[in-house]
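Enquirer: quick one, what's the 3D model for this:
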Amino acid sequence: MTPSTRTDVVIRTYGTGQVPPLLDTIADIWADAHPELVNNPGASTDGLSADALRRQVVGHLRHEGFTLVAAYAHGTMVGFGYAFPCTPEYWYGPDLLPDIPEHVREGRLMGLCELAVSPSWQSQGIGSRLHAELLKAINPEWSSLLVRPDNTGGRGLYDRLGYEYAGPYRNSTDGPEFDLLLLEVQSTA
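Expert: Numbering: from 1, shown residues only. So this is what the prediction gives:
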């Protein structure tokens with residue numbers, strides 16, 4: 001545990017049936033963590049809004065192994081993350097898949113979809129703990145995520161966690177460009 005890690009924060013894990021009642025709370029945390037998007041009308045057209053997050057989560061609930069982890073301080077949710085096991089074909093898509101090394105394509109993959117912590121609780125080890133709980137629950141060999149190139153706070157966390165840049169990625173031809181990051185998960189066995 002690093003000196004900045006909060007010991008008064010509890011992490012809880014949720015499966016698909018437990019998530020719908022949490023949608024508004026996680027959307028609020030996401031919006032607090034991303035004020036640059038909430039205050040940017042163009043972001044919602046790029047699918048980067050609290051409403052888009054709600055739709056995204058509901059759409060992802062159909063994936064077997066979907067896991068949401070939430071951090072609570074004094075009974076209030078202060079952060080969350082969610083991910084699910086997925087195939088490389090689903091996660092990377094036909095345009096990027098050929099650029100992904102074969103040994104990655106053959107391993108167990110976790111798609112990390114969101115990780116957000118309320119600003120007043122950031123830089124206290126909560127994001128790292130949420131990430132560790134997702135890895136523990138899903139047990140992948142590889143984890144992959146998308147991050148906006150201008151999200152320096154998120155990128156700093158992902159760099160500290162060991163993620164490496166794997167290439168540019170767009171959800172659609174006219175959508176925003178993201179950085180695709182990849183992590184080889186170290187076995188604890």
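Enquirer: enumerate every residue touching Gly111.
Expert: Neighbouring residues of Gly111 by C-beta atoms under 8 Å, 6 or more residues apart in numbering: 83-86, 90-91, 144-145. Placement of C-beta: from N, CA and C, glycine included.
Enquirer: helix or strand: which one has it?
Expert: Assigned by DSSP states H and E, Gly111 belongs to strand 109-117.
Enquirer: then Ala71?
Expert: Using DSSP H and E, the element containing Ala71 is strand 67-73.
Enquirer: what about the helices in this protein?
Expert: 23-33, 35-38, 41-45, 50-60, 88-96, 102-105, 126-138, 152-161 (DSSP state H).
Enquirer: let me have those in CSV, extended by mean neighbour count, distance to Asn171 and mean pLDDT.
Expert: Listed next are those as CSV, based on neighbours: other C-beta atoms under 10 Å; distance: least, C-beta to C-beta, whole Å; pLDDT from 0 to 100:
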stretch, mean neighbour count, distance to Asn171, mean pLDDT
helix 23-33, 18, 17, 93
helix 35-38, 14, 15, 67
helix 41-45, 12, 13, 45
helix 50-60, 16, 10, 91
helix 88-96, 15, 9, 86
helix 102-105, 12, 20, 90
helix 126-138, 20, 21, 96
helix 152-161, 16, 17, 90
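Enquirer: TSV for those, including distance to Asp174?
Expert: Formatted as TSV, those follow (distance: least, C-beta to C-beta, whole Å):
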stretch	distance to Asp174
helix 23-33	23
helix 35-38	18
helix 41-45	10
helix 50-60	16
helix 88-96	14
helix 102-105	27
helix 126-138	31
helix 152-161	23
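Enquirer: partner strands of the longest strand along the chain and their direction?
Expert: Secondary structure of the chain per DSSP state E: the longest strand is strand 76-86. Sheet partners assigned to strand 76-86 using DSSP bridges are listed as strand 67-73 (antiparallel), strand 109-117 (antiparallel).
Enquirer: now the residue nearest the centre of the chain: closest residue in space that isn't a chain neighbour?
Expert: Centroid-nearest residue in the chain, with C-alpha atoms, centre = their mean: Glu114, separated by 2.6 Å. In this structure, Glu114 finds its nearest non-sequential neighbour in Tyr82, 5.6 Å apart by C-beta to C-beta, 6 or more residues apart in numbering.
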